[in-house]
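**Student:** the following block contains a protein sequence and its predicted model.
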Amino acid sequence: MTIPFPIQLDILDFIFKGILIGIIASAPMGPVGILCIQRTLNKGRWYGFITGVGAAISDTIYALIVGLGMSFIMEPLQNPANQFILQISGSIILLLFGIYCFMSNPTKKLHKSGKTKGTLFHNGLTAFLVTFSNPMIIFLFMATFAQFALIQPSRPVEMGVGLLCIPIGALLWWYGLTWLVNKIHDIFNMNGILIINRIIGSVVIIFSLIILIGTVFNLYHLPSYY
């Protein structure tokens with residue numbers, strides 16, 4: 001049986017990568033993560049979720065900037081040796097990020113949230129500004145894009161779909177986090193933030209080590225950028 005039109009089934013791979021990158025970028029408990037939890041506890045779930053939406057918009061802007069920038073410099077990286085170095089570098093950066101996430105204690109920078117609820121727009125805007133004022137997320141996107149080989153200029157449609165799926169992953173994380181915090185509202189405390197951070201850090205460390213070892217020992221073939 002002949003399919004009347006070509007179906008790029010591997011576009012699902014780009015969708016999965018984009019969603020996963022969005023989750024990785026959003027999950028660590030930084031200032032906005034703490035703000036999201038505080039607002040969920042003090043103001044209600046949707047105030048916490050809209051805080052995550054503001055952060056997701058900021059992350060999407062940075063992801064698009066990094067993605068477009070990297071797409072212009074991929075020409076020198078098309079040979080396998082450079083791709084190998086790029087993937088190793090991305091794995092190491094992500095590993096260091098996981099270690100930092102595991103070791104850090106975000107509750108030390110905790111500030112009391114305001115008693116007034118404010119509008120949903122105001123809550124989202126403040127979260128956007130807090131996230132956008134921290135351009136360090138650029139390095140995380142560079143590492144994850146390199147590790148997952150998301151930036152492939154020869155396949156602009158698939159690459160674009162992958163980039164657009166990053167905010168979907170981010171929103172899934174914020175929706176799940178606010179749902180969980182709202183469900184365990186009565187027993188959740190700030191120590192829970194530290195536990196979440198260590199779980200996330202552990203997952204990132206293990207995942208990075210698996211990719212790093214697999215790349216070094218050539219346990220799988222790296223995807224080609226061209």
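**Tutor:** Done, it's in.
**Student:** tell me which residue lies nearest the centroid of the chain.
**Tutor:** Most central in the chain under CA atoms, centre = their mean is Ala25, positioned 2.0 Å from the mean C-alpha point.
**Student:** and it, what does it touch?
**Tutor:** Ala25 makes contacts with Asp59, Ala63, Ile137, Leu140, Phe141, Thr144, Ile166, Gly169, Ala170, as judged by CB atoms under 8 Å, 6 or more residues apart in numbering. C-beta: built from backbone N, CA, C; applies to glycine.
**Student:** ok, Ile15 next?
**Tutor:** Residues counted as contacts of Ile15 (CB under 8 Å, 6+ apart) are Val161, Gly162, Cys165.
**Student:** now it: how far from Ala56?
**Tutor:** 17 Å (CB to CB, to the nearest Å).
**Student:** remind me what the helix or strand of the chain at the bottom of the mean pLDDT ranking packs against, helices and strands.
**Tutor:** Across the helices and strands of the chain, the lowest-confidence element by mean pLDDT, DSSP states H and E is helix 80-103, at a mean of 81. If you count contacts as 3 or more CB pairs under 8 Å, 6 or more residues apart in numbering; DSSP states H and E, helix 80-103 packs onto helix 137-148, helix 191-216.
**Student:** how far out from the middle of the chain is stretch 178-192?
**Tutor:** 22 Å (CA atoms, centre = their mean, to the nearest Å).
**Student:** least confident of the helices and strands packed on helix 80-103, on average?
**Tutor:** Ranked by mean pLDDT, those bottom out at helix 191-216, with a mean of 83.
**Student:** what angle do helix 137-148 and that one make with each other?
**Tutor:** Between helix 191-216 and helix 137-148, the angle comes out at 40 degrees (axes from the mean of the first three to the mean of the last three CA atoms, to 10 degrees).
**Student:** which other helices and strands contact helix 191-216?
**Tutor:** Packing partners of helix 191-216 (3+ CB pairs under 8 Å, 6+ apart): helix 31-42, helix 80-103.
**Student:** dump those helices to TSV, plus distance to Asn218 and mean neighbour count.
**Tutor:** TSV is the format used below for the helices and strands packed on helix 191-216 (distance: least, CB to CB, whole Å; neighbours: other CB atoms under 10 Å):
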stretch	distance to Asn218	mean neighbour count
helix 31-42	37	22
helix 80-103	9	17
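**Student:** would you list these in CSV and tack on distance to Phe72?
**Tutor:** CSV is the format used below for those (distance: least, CB to CB, whole Å):
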stretch, distance to Phe72
helix 31-42, 30
helix 80-103, 15
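**Student:** and those: which comes nearest Leu180?
**Tutor:** helix 31-42 (9.3 Å; CB to CB).
**Student:** identify the residues contacting the closest one?
**Tutor:** Contacts to helix 31-42, defined as CB under 8 Å, 6+ apart, come from residues 26-27, 29, 47-49, 51-52, 54-55, 106-107, 109-110, 113, 115, 123, 126-127, 130-131, 134, 174, 177-178, 181-182, 185, 188, 192-193.
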